[in-house]
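>>> make a model of this:
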Amino acid sequence: MAEKAINLSSFSDMLKGALGSLVDQEADGFVEMMAPDGVMEFPYAPPDGTTRVEGREALAAYLDGFRGVMAIDSLTEPTVHLTQNPNVAILEFGCIGRGLKTGQPYNQRYISVITLKDGKIARYVDYWNPLVGLAALGDALLQDGPK
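All right, here's what the predicted structure looks like:
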């Protein structure tokens, strides 16, 4: 049986549960949860890594690059922090996974700042430890998505 990559359906289910009515519960997966012109940012990306992905189509292509590179086996229960802006939520969660090419663990903690508009994610800022990513994924984490 072939290794699966990131389990985006589990991720989108976690987001739907955490964000509730703020996000389109009928969206078919994480990419469909994004606004067509939505932005995903990675402020802690390695020096040569991708720091910003603009648009749903670009995000789909970026995430597709991780297939066969990383497996996420489980996600932790998120802690949700509501903000004074009703369209912004902050999530803390983690994952247990591994780099499929390196065999190294990918056990990561995330803080995500999510801005929503009309039930779609307009901006997703993803804070994570790039050292964990580099150890598990090597050059697959660098600019233009996984190699």
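
>>> secondary structure element holding residue 107?
Assigning secondary structure by DSSP states H and E places residue 107 in strand 105-117.

>>> now residue 63: which helix or strand?
Secondary structure assignment for residue 63, by DSSP H and E: helix 56-64.

>>> state the mean pLDDT of that helix.
Mean pLDDT, computed over helix 56-64, is 93.

>>> what's the answer for stretch 130-146, then?
For stretch 130-146, mean pLDDT rounds to 73.

>>> what sits against residue 53?
39, 40, 41, 59, 62 (CB atoms under 8 Å, 6 or more residues apart in numbering). Bear in mind the C-beta positions are built from the backbone N, C-alpha and C, glycine included.

>>> tell me the secondary structure at it.
The three-state label given to residue 53 by DSSP: H, G, I helix; E, B strand; the rest coil is strand.

>>> need the pLDDT of it.
Listed pLDDT for residue 53 reads 97.

>>> in stretch 98-110, what counts as buried?
In terms of neighbour count (16 or more other CB atoms under 10 Å), stretch 98-110 has its buried residues at 98, 99, 100, 101, 102, 106, 108, 110.

>>> what stretches of the protein score poorly on pLDDT?
Where the chain drops to pLDDT under 70, the residues are 1-9, 140-147.

>>> beta partners of the residue most central in space within the chain?
Nearest residue to the geometric centre of the chain (CA atoms, centre = their mean): residue 126, 6.9 Å. Judged by DSSP bridges, the bridge partners of residue 126 are residue 112.

>>> wait, isn't it in contact with residue 110?
Yes: checked against CB atoms under 8 Å, the pair residue 126 and residue 110 is within contact range at 6.4 Å.

>>> check which helices and strands the helix ranked longest in the chain sits against.
The longest helix of the chain (DSSP state H) is helix 8-19. Where contact means 3 or more CB pairs under 8 Å, 6 or more residues apart in numbering; DSSP states H and E, helix 8-19 is packed against helix 30-33, strand 70-75, strand 88-99, strand 105-117.
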